[in-house]
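*Asks:* sequence first, then the predicted structure, then my questions.
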Protein chains: 2
Amino acid sequence: MVSIKDVARLAGTSFKTVSRVINDDPAVREETRGKVLKAIGELGYRPNSAARTMRSQRSGVIGFISDRVTTQPHAGDILRGAQQVADAHDKVLMVVNIDRDAGFCHRQRALDMLLERRVEGLLYACDYHREVELPREMGMVPSVLANGFAPEGEVPTFLPDEQRAAREITRLLLDQGHRRIAYLGLNPRLAAASLRLAGYRQVLEEAGIGVDEALIQPALVGVPDGDERSTVEGAIDALLASSPRPTAILCGQDSTAMQLYLALACRGLCVGRDLAVASFDDQRPISTFLTPGLTTMRLPHLEMGQQAMHCLLAGPQEPGIVRLPFVRVERQSHRVAGMPSHPPLSESAVTDGL
Amino acid sequence: MVSIKDVARLAGTSFKTVSRVINDDPAVREETRGKVLKAIGELGYRPNSAARTMRSQRSGVIGFISDRVTTQPHAGDILRGAQQVADAHDKVLMVVNIDRDAGFCHRQRALDMLLERRVEGLLYACDYHREVELPREMGMVPSVLANGFAPEGEVPTFLPDEQRAAREITRLLLDQGHRRIAYLGLNPRLAAASLRLAGYRQVLEEAGIGVDEALIQPALVGVPDGDERSTVEGAIDALLASSPRPTAILCGQDSTAMQLYLALACRGLCVGRDLAVASFDDQRPISTFLTPGLTTMRLPHLEMGQQAMHCLLAGPQEPGIVRLPFVRVERQSHRVAGMPSHPPLSESAVTDGL
DNA sequence: CTGAAAGCGCTTACAG
DNA sequence: CTGAAAGCGCTTACAG
């Protein structure tokens, strides 16, 4: 490989001057700089980052510990967000995947590797909102946590604001004139389950409508990493049998909404004509390809990645939880012909083509 | 940070002996090794990879250029596969995301970064099967391409075997006794579109059934990165109107199958009772959550990542295209009560719980 | 089995 | 504005 000395020889300067040029040191005469840049171009010189790291004692590397974020659809956006911010700060990301099935050994090796690379910080990201046990090594460098929470809670933590999202989407259905709003929920094992349900209850109580327990059904779907099949059929029949029949059904996640659309169609009912539907996550292509398009609360994956990385690069931070808002994506499913309609309550709405 | 010299001082050896221990050099007495390991443990010493890289001239890093693989659901499995193999070879991956919207500048910076880190190889991975223009820099280090193809075709390339998958799934429907098999295809702009269609045609021709052009409809769905809505309604009506009515419909992708299930339900038709359906991709949770479960050909994402990385680490390779088989995932949707059933043709079948 | 010397390619700290 | 020296933490190549 060509080194700084080769460049110096060709440019007719000392190698120290070359170092100044590649570090944008202003204390170099324009003419000298030109000669050096020309030599760099001719030789195809690239600085050796290992040498820089060793001498400067700064690696410029942030470790991204992916607890399967590249497996769960859309959770990869956490990585994208983190990368955008790291990029803007001239840091690079070293990504390691921690697969649960790979066992502890794999995780240990990954962490050793990151620490041997002298990462300047660690971002731990989960595939879905859940509790995680952080590796001890995370105490050795500045660390943050995205889309998960640790029992000890000792690092800055960025989570989706489940309860607020549930309040917002329930509010939206109320604003559409619905008063009988059912909730076809999540598997109770999920951290999001109780939070979303709580938000739903809260808004109905506040609105003075109150909660009809007959309108709440958990969908016994698997956790995101499972392959369990859901049978929402029973839950849907129970909801439809309640009297008066609900005019809107809020689903705990988009895949449940998909099952609901299908189950309703099999019963001769049509979303957008007979019933309104809304949901959580914005899991494409489900949410975009259903007819009518699914109105849903988009998980702030990108935002969690961005904010977590910002926090990490901003220097030492207090541990604590930051909850980030979902983005409301209004398509057509929350509208039913013949219902009185009101303007939305919040400004964070996004209206999606069609 | 603690260095090799600190360890040597504590262990009472020369620092060279410490180096031998951390490199598993057998030429160290057991007693000496024990003392060194003890000192390493007490001091929490970790080798500095920058120093090792500089001296040994080998970085141990492979660059993974992700052309949005973390954005497209399941394409992240390419990364997982690559990581598994890299791991087994004691290489680490440096992942960079190339977002199309981030422009050329971003891509250039990412490549510069990788080359400055002295990557020993580059793996370029695409989010979906398509043509890509490889950056020139890829000629400077050993490189491979996964899930995409370059016009010049100058690097080893790993692609899903679309045509073979189409043959296999069409065959499966034939074996179920179907003779009127419709094809609700992909957007013709997709590379997979013509290949899957060709496989379908080929099998029908070979079986002596011939192709009824009335049974072929393109679904005008968007390409995976778009947000275009599909209207398969017209296509489905056309298929159902053909005479005799098809008994099976093969979809170009799972999201189209989802739309099909729904459209059929709206018309009073039930998959598994009135019609068989099969598809491509195995895009969870669509394929697992539909009722009945969707029989589909799973894209070999994991396998592309594994094989591409294997190829990269195996040393210099001839450029050329390797097509990897999909995995047939049999759920329930290809079965219709009352059809004569035959055993599957191929061994690569996977049967998914329920 | 163990060690002293040289050097990988840079940046730091100091001089001029 | 430019340069000569020292050293980051290891491994390599050689000696004993």
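*Replies:* Thanks, I have it.
*Asks:* can you give me the strands in chain A?
*Replies:* Using DSSP state E, the strands found in chain A span residues A:61-67, A:92-97, A:121-131, A:143-149, A:156-160, A:181-185, A:216-218, A:248-251, A:276-281, A:295-298, A:320-324, A:327-330, A:349-351.
*Asks:* got CSV for those strands, with mean pLDDT and mean neighbour count too?
*Replies:* From N, CA and C alone the C-beta is placed, and that goes for glycine too. CSV is the format used below for the strands of chain A (pLDDT from 0 to 100; neighbours: other CB atoms under 10 Å in any protein chain shown):
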stretch, mean pLDDT, mean neighbour count
strand A:61-67, 93, 26
strand A:92-97, 89, 23
strand A:121-131, 95, 22
strand A:143-149, 96, 26
strand A:156-160, 97, 24
strand A:181-185, 95, 26
strand A:216-218, 88, 18
strand A:248-251, 97, 28
strand A:276-281, 98, 27
strand A:295-298, 98, 28
strand A:320-324, 96, 15
strand A:327-330, 97, 21
strand A:349-351, 41, 12
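*Asks:* do you know which of those strands lies nearest A:Val336?
*Replies:* strand A:276-281 (4.7 Å; CB to CB).
*Asks:* output the below-cut-off pLDDT ranges for the stretch 1-150 of chain A.
*Replies:* A:100-105 (pLDDT under 70).
*Asks:* residues from it in reach of chain B?
*Replies:* A:1, A:46-51, A:53-54, A:57, A:59, A:69-71, A:73-74, A:76-77, A:79-80, A:83, A:87, A:92-97, A:99, A:106, A:109, A:112-113, A:115-118 (CB under 8 Å from any CB of the partner chain).
*Asks:* can I get the strands of chain A in a markdown table with distance to DNA strand C?
*Replies:* A markdown table is the format used below for those (distance: least, CB to the nearest atom of the strand, whole Å):
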| stretch | distance to DNA strand C |
| --- | --- |
| strand A:61-67 | 15 |
| strand A:92-97 | 15 |
| strand A:121-131 | 19 |
| strand A:143-149 | 24 |
| strand A:156-160 | 28 |
| strand A:181-185 | 55 |
| strand A:216-218 | 57 |
| strand A:248-251 | 55 |
| strand A:276-281 | 45 |
| strand A:295-298 | 42 |
| strand A:320-324 | 33 |
| strand A:327-330 | 41 |
| strand A:349-351 | 44 |
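*Asks:* out of these, which is closest to DNA strand D?
*Replies:* The closest of those to DNA strand D is strand A:61-67. By CB to the nearest atom of the strand, the value is 15.5 Å.
*Asks:* not counting its neighbours along the chain, what's nearest A:Ile181?
*Replies:* Distances taken as CB to CB, 6 or more residues apart in numbering or on different chains place A:Ala248 nearest to A:Ile181, at 4.6 Å, with adjacent residues excluded.
*Asks:* ditto for A:Met1
*Replies:* A:Asn48 (7.1 Å).
*Asks:* so what's that neighbour up against?
*Replies:* Counting by CB atoms under 8 Å, 6 or more residues apart in numbering or on different chains, A:Asn48 makes contact with A:Met1, A:Ser3, B:Met54, B:Glu116, B:Arg118.
*Asks:* got a markdown table for the residues you listed, with distance to DNA strand C and neighbour count too?
*Replies:* Below are the contacts of A:Asn48 laid out as a markdown table (distance: CB to the nearest atom of the strand, whole Å; neighbours: other CB atoms under 10 Å in any protein chain shown):
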| residue | distance to DNA strand C | neighbour count |
| --- | --- | --- |
| A:Met1 | 5 | 9 |
| A:Ser3 | 4 | 15 |
| B:Met54 | 4 | 19 |
| B:Glu116 | 9 | 16 |
| B:Arg118 | 9 | 21 |
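*Asks:* so which residues on chain A come close to DNA strand D?
*Replies:* For chain A, the contact set with DNA strand D under CB under 7 Å from any atom of the strand comprises A:13-14, A:16-17, A:20, A:26-29, A:31-33, A:51, A:54-55, A:57.
*Asks:* identify the farthest-apart pair in the residues you listed.
*Replies:* A:Glu31 and A:Gln57, at 33.0 Å, using CB to CB across the residues of chain A next to DNA strand D.
*Asks:* surely A:Arg298 and A:Glu330 touch.
*Replies:* No - the criterion here is CB atoms under 8 Å, and A:Arg298 misses it with A:Glu330 at 10.8 Å.
*Asks:* these two touch, right, A:Ile216 and A:Leu197?
*Replies:* Yes - using CB under 8 Å, A:Ile216 makes contact with A:Leu197 at a distance of 7.2 Å.
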